[in-house]
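Colleague: no sequence for this one, just the structure:
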């Protein structure tokens, strides 16, 4: 088929529906390798929408390529933990073997080398995505072998070799090298579970009783914000709309977080069952599991799970034999944008648009997907719901603390012997977590990812709970030997600059400005007033529209607060009348290049 | 139409239920500064400068609707400092050269800078390398001056109702693109509307000189906001 024919076929697959633009673009990129300007024009013509609107979506997402990115496209993770584990050496090996730099494609067009933000493999770094498949635990030697294989035209499966991971990672529809690393299975998500039992029980109850049970159990959102789940459902149930939707947010993009990946690998039925329960409670007909693109290798497997549940009448028409209870789930993939983890941005993305958070009110429970009442729940929240319905509120409330009931699945990574998944009761102290994970000589712990807080040993007796250290579940352990500002804070700050949607002025501009100042401080050219400025910017950032923007300077401000000496010892203490921040050579760079001055 | 009672800076007023807070405050003689807001265009809290306290919680006034018993505080030292910061950030983020700008004196950003007595921004100038797009037969898009407020995106459509402007990219690479197809046959009137809807001088008409000399333009005559609250 020619490109126009392929475009026509794929657009027909989605009935020419512009709200399916994400699916159209993902499928087209699979077919064509990249989305050229010509393709954008053709898509716009076929959908009868302006080109700029197609361009708007295409150019927003990191994984949409405008130029060819090689027969084999390598996206090497550039997260903090990846570098801890040797990503720089692996990157050098890739470059040497491929004979091109990162950001480029080799001269023969075979290998493209690109960087990407955390791909959810922090317990097995350095890792890379190659044509959408995960290659974890890379070494320089492995990188060279991979490039050799690519040059020899090996298939992805041949490149993977053997040694698939444990559990469903070895499932014929997955065949991933990824490992689960479930170090401590808890009682909720990884507890005893038989698919379908909760649905059978719930469908004997009224929807009001279901919501009352979830409320009585005090289930709170596991994405980090901790909103009471029962209340969210109640709002959506009361809202009026032609259709109601249940979204499961599996767009975990917070660097250092990988729990949803493991849950989707080992407990997908539980997640979908939770969506069915939510649908029953709210009166929804359609569910969408929004999964980050990095986990696309789970696509066929997740579809097969859905198919199996339909066969068993756990999805589809008259679920559980209840006449009129129709609900089904489809899978929507993202294309590389951290901000889409914010629920309204996620909805925008699912509608085929750039992932720009919406103004609130109205909240998604009133006007969400396609302006209809929509519940967005985290993967883990939905799992908790299933167990609460099965085992009861008393069982659930016996676990955790006063304000944080149940268990929490933690993603632990960084400088420790046993990185992986730990499902523990809320109220666990940081110190105990460190002992469990086998961490010694710890300088700092990043709790809740870059948007959370970086805490010092003096605070290790604090506990993980909504009332103390609220967290979406990631702990990155930073050893004594790390340069906290250069290795961690700068990386996180750059991440937020890259991932800002750009709509709000403070987030768009201050992330980049803060990065510049931080680089200056790291280079020993910062002044005391630079630190004061950075601190005061937090007050400006709090007026951003979404959580990303509000927390984007947390890596800097929380380390200024908890590790002030790291800043102070790097500041330039020379005569304050002299401005070392002005870099004359950089300012005259253009002039020097044009005139040849200063090149001798 | 139902009227509701609400508190604005400690005084009670009536407003139409569901009225936009910026407009309702204006009717009450209270000025809330705006940049991305434009009457008649669907609001999108992008610039954040109209942030006020609604029942003690920060909200953008352009996206807030008046409801019964709402209590609004439009000005605190912190909010005023924040607003000044927004103006300063926008100057430092782009490349704004007022003395040579066709929009000088009619520019809302410049006028707000005067209102907030901006001297030297506390933010580092980024001096970004940005393009001036001049391929369009009737419009010039100067990305150096663009503050990405989305007013053109939300307010300008061709005769078929199709969008002409849209965002491209994200973060600090964010840009506003012009659609070559949907903008192809725009009238002079629409081109003028596009220029007028831009709060700064980022959208300009080709082949059109100044109508009013600098010194006699809107904000040369009176400061921004003085039409609401002297």
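Modeller: That came through fine. All figures in this text were calculated on a predicted structure; none of them were measured in a lab.
Colleague: Which of the helices or strands spans residue 88?
Modeller: This is for chain A. Residue A:88 is part of helix A:87-98 when elements are defined by DSSP states H and E.
Colleague: nope, chain B
Modeller: Using DSSP H and E, residue B:88 sits within helix B:77-93.
Colleague: does any bit of that helix sit next to chain A?
Modeller: Yes: judged by CB under 8 Å from any CB of the partner chain, helix B:77-93 and chain A are in contact via B:78, B:82, B:85, B:86, B:89, B:90, B:92, B:93. In this view, the C-beta of every residue, glycine as well, is placed from N, C-alpha and C.
Colleague: Narrow the residues you listed to those that are buried.
Modeller: Neighbour counting by 16 or more other CB atoms under 10 Å in any protein chain shown classes B:82, B:85, B:86, B:89, B:90, B:92, B:93 among the residues of helix B:77-93 next to chain A as buried.
Colleague: from the middle of its chain, how far away would the helix or strand of chain A with the lowest mean pLDDT be?
Modeller: Across the helices and strands of chain A, mean pLDDT, DSSP states H and E gives its lowest value to helix A:584-587, namely a mean of 80. Centroid displacement of helix A:584-587 relative to its chain, using CA atoms, centre = their mean, to the nearest Å, is 38 Å.
Colleague: Kindly report the same for stretch B:41-54.
Modeller: The answer for stretch B:41-54 is 10 Å, by CA atoms, centre = their mean.
Colleague: Please apply the same query to stretch A:240-256.
Modeller: On CA atoms, centre = their mean, the centre of stretch A:240-256 falls 13 Å from the chain's centre.
Colleague: same question, stretch A:357-365
Modeller: 21 Å.
Colleague: what comes up buried for that stretch?
Modeller: A:357, A:358, A:359, A:360, A:363, A:364, A:365.
Colleague: so what's the residue most central in space within chain B up against?
Modeller: Nearest residue to the geometric centre of chain B (CA atoms, centre = their mean): residue B:35, 2.3 Å. Contact partners of residue B:35, counting by CB atoms under 8 Å, 6 or more residues apart in numbering or on different chains, are B:47, B:49, B:86, B:90, B:108, B:109, B:112, B:147, B:149, B:199.
Colleague: Tell me the most packed of those, by neighbour count.
Modeller: residue B:47 (32 neighbours; other CB atoms under 10 Å in any protein chain shown).
Colleague: Assign residue B:185 to helix, strand or coil.
Modeller: What DSSP: H, G, I helix; E, B strand; the rest coil gives for residue B:185 is coil.
Colleague: what's the neighbour count on it?
Modeller: Residue B:185: 11 surrounding residues under other CB under 10 Å.
Colleague: quick one on the thing from earlier: turn the residues of helix B:77-93 next to chain A into CSV, including pLDDT and distance to residue B:189.
Modeller: Formatted as CSV, those follow (pLDDT from 0 to 100; distance: CB to CB, whole Å):
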residue, pLDDT, distance to residue B:189
B:78, 97, 43
B:82, 98, 37
B:85, 97, 37
B:86, 98, 32
B:89, 98, 34
B:90, 98, 29
B:92, 97, 35
B:93, 97, 32
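Colleague: Tell me which two of the residues you listed sit farthest apart.
Modeller: B:78 and B:93 (21.7 Å; CB to CB).
Colleague: can you tell me the helix or strand for the residue found closest to residue B:198 once you drop the neighbours it is linked to in the chain?
Modeller: Leaving aside its chain neighbours, residue B:198 sits nearest to residue B:152 (6.0 Å; criterion: CB to CB, 6 or more residues apart in numbering or on different chains). If you go by DSSP H and E, residue B:152 is part of helix B:151-155.
Colleague: Run through the neighbouring helices and strands of the helix holding residue A:88.
Modeller: strand A:72-77, strand A:111-116, helix A:140-151 (3 or more CB pairs under 8 Å, 6 or more residues apart in numbering or on different chains; DSSP states H and E).
Colleague: and that helix, what's its mean pLDDT?
Modeller: Average pLDDT, helix A:87-98: 98.
Colleague: Could you name the helices and strands sitting against the next helix or strand after that helix?
Modeller: From helix A:87-98 onward toward the C-terminus, using DSSP H and E, the following helix or strand is strand A:104-105. The elements that strand A:104-105 packs onto, with contact taken as 3+ CB pairs under 8 Å, 6+ apart, are strand A:111-116.
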